[in-house]
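> no sequence for this one, just the structure:
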């Protein structure tokens, strides 16, 4: 089974051009399944049927969030689909297992006052404060994923034109607008760095290496704690906030889909629920027949 997993992850890296994060997540889930199979006395994909998959999900993941269980099932389906393509299996045993119903949770977002306080928190003097401010402004201004942010080089930024080129999921490139506040923060940060050459990473750590996803998460969390006792906030919260504020400001859902780099409009539609909540709040306060 381990050989099949290794072959599949190489396929994800080399042919599907999946992100390192995606490959690592698949590998982790599939290695858990391989360890389960060893405990069951099974060692090859050909020995797996839908009952084995169902038993794995039931026995090993009690209390697991439905979204996590669904992700593990998706990883198994993808692996067996690959093995069918390679001619090793005739059918996909994981396809016969129904995925758990997803919990409908609205994406958490910050309000405008919270965002303003967050991006102002680092200050405006010193290399690291300027870097942190530029990171926060760029995440909120562009609505990009943290992996897209850390993958950017100086050459990907056009401060004069107000655009940035990012590499999204599946190796798809897209252009995103960069707002005036983010452009100013980036300009001050790059000047403090001595205007590095185009082939250098846009955001670097104290040793000059490319900033990692984990480092960006620490930056967001640290500055959020400075301004609020609110629950932990992630870089993805700023992406949710970007989309929600655009929608509340009247932006078209299709345009938001393009800006976020979503392949499907259904992925973007979750933000309409947030907007509807806001509309209902306004309605309840303003409409004379809404008040008792």
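Yes, it's here. Please read all numbers here as calculations on a predicted model, not as lab measurements. Residues are numbered from 1 along each chain as shown.
> Any buried residues in stretch 5-12, and which?
5, 8-9, 11-12 (16 or more other C-beta atoms under 10 Å). Using the backbone N, CA and C atoms, a C-beta is placed for each residue, glycine as well.
> which other residues reach it?
18, 22-23, 26-27, 30-31, 34, 78-79, 82-83, 86 (C-beta atoms under 8 Å, 6 or more residues apart in numbering).
> Filter those residues down to the ones in helices?
The helices, defined by DSSP state H, take in 22-23, 26-27, 30-31, 34, 78-79, 82-83 from those.
> just curious, which of the buried residues of stretch 5-12 is nearest to residue 115?
Closest approach between those and residue 115, by C-beta to C-beta: residue 12, at 35.1 Å.
> Quick check on the ones in helices among the contacts of stretch 5-12: which are buried?
The buried subset of the ones in helices among the contacts of stretch 5-12 - by 16+ other C-beta under 10 Å - is 22-23, 26-27, 30, 78-79, 82-83.
> Redo these as JSON lines? Include pLDDT.
Listed next are those as JSON lines, based on pLDDT from 0 to 100:
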{"residue": "22", "pLDDT": "87"}
{"residue": "23", "pLDDT": "90"}
{"residue": "26", "pLDDT": "91"}
{"residue": "27", "pLDDT": "93"}
{"residue": "30", "pLDDT": "93"}
{"residue": "78", "pLDDT": "93"}
{"residue": "79", "pLDDT": "93"}
{"residue": "82", "pLDDT": "93"}
{"residue": "83", "pLDDT": "92"}
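> wait, which of those is closest to residue 125?
For those, the nearest to residue 125 is residue 22 (38.4 Å; C-beta to C-beta).
> roughly how far apart are the closest one and residue 272?
The spacing between residue 22 and residue 272, counted by C-beta to C-beta, to the nearest Å, is 27 Å.
> Looking at the buried ones among the ones in helices among the contacts of stretch 5-12, which is nearest residue 167?
Residue 167 has its nearest neighbour among these in residue 22, at 13.3 Å by C-beta to C-beta.
> Just give the nearest non-adjacent residue to the closest one, would you?
Excluding the flanking residues, the one nearest residue 22 by C-beta to C-beta, 6 or more residues apart in numbering is residue 12, at 6.9 Å.
> quick one on the thing from earlier: list just the nearest of the buried residues of stretch 5-12 to residue 56.
Nearest to residue 56 among the buried residues of stretch 5-12, counting by C-beta to C-beta, is residue 5 at 14.4 Å.
> Check the gap between that closest one and residue 272 for me.
38 Å.
> do residue 189 as well
Using C-beta to C-beta, we find residue 189 at a distance of 35 Å from residue 272.
> cool, residue 98 as well?
27 Å.
> which residues touch residue 179?
Residue 179 neighbours (C-beta under 8 Å, 6+ apart): 137, 141, 162.
> give me every residue that touches the most centrally placed residue in the chain.
Among the residues of the chain, the one closest to the centroid is residue 145, at 5.2 Å (C-alpha atoms, centre = their mean). Taking C-beta under 8 Å, 6+ apart, we find residue 145 in contact with 168-169, 236, 239, 261.
> What lies in contact with stretch 233-249?
With C-beta under 8 Å, 6+ apart, stretch 233-249 has contacts from 107-110, 112, 115, 118, 136, 139-146, 149, 213, 216-217, 220-221, 224, 253, 255-256, 259-260, 268, 271-272, 274-275, 278.
> at 7 Å instead, please
107-110, 112, 115, 139-140, 143, 145-146, 216-217, 220-221, 224, 256, 260, 271-272, 274-275, 278 (C-beta atoms under 7 Å, 6 or more residues apart in numbering).
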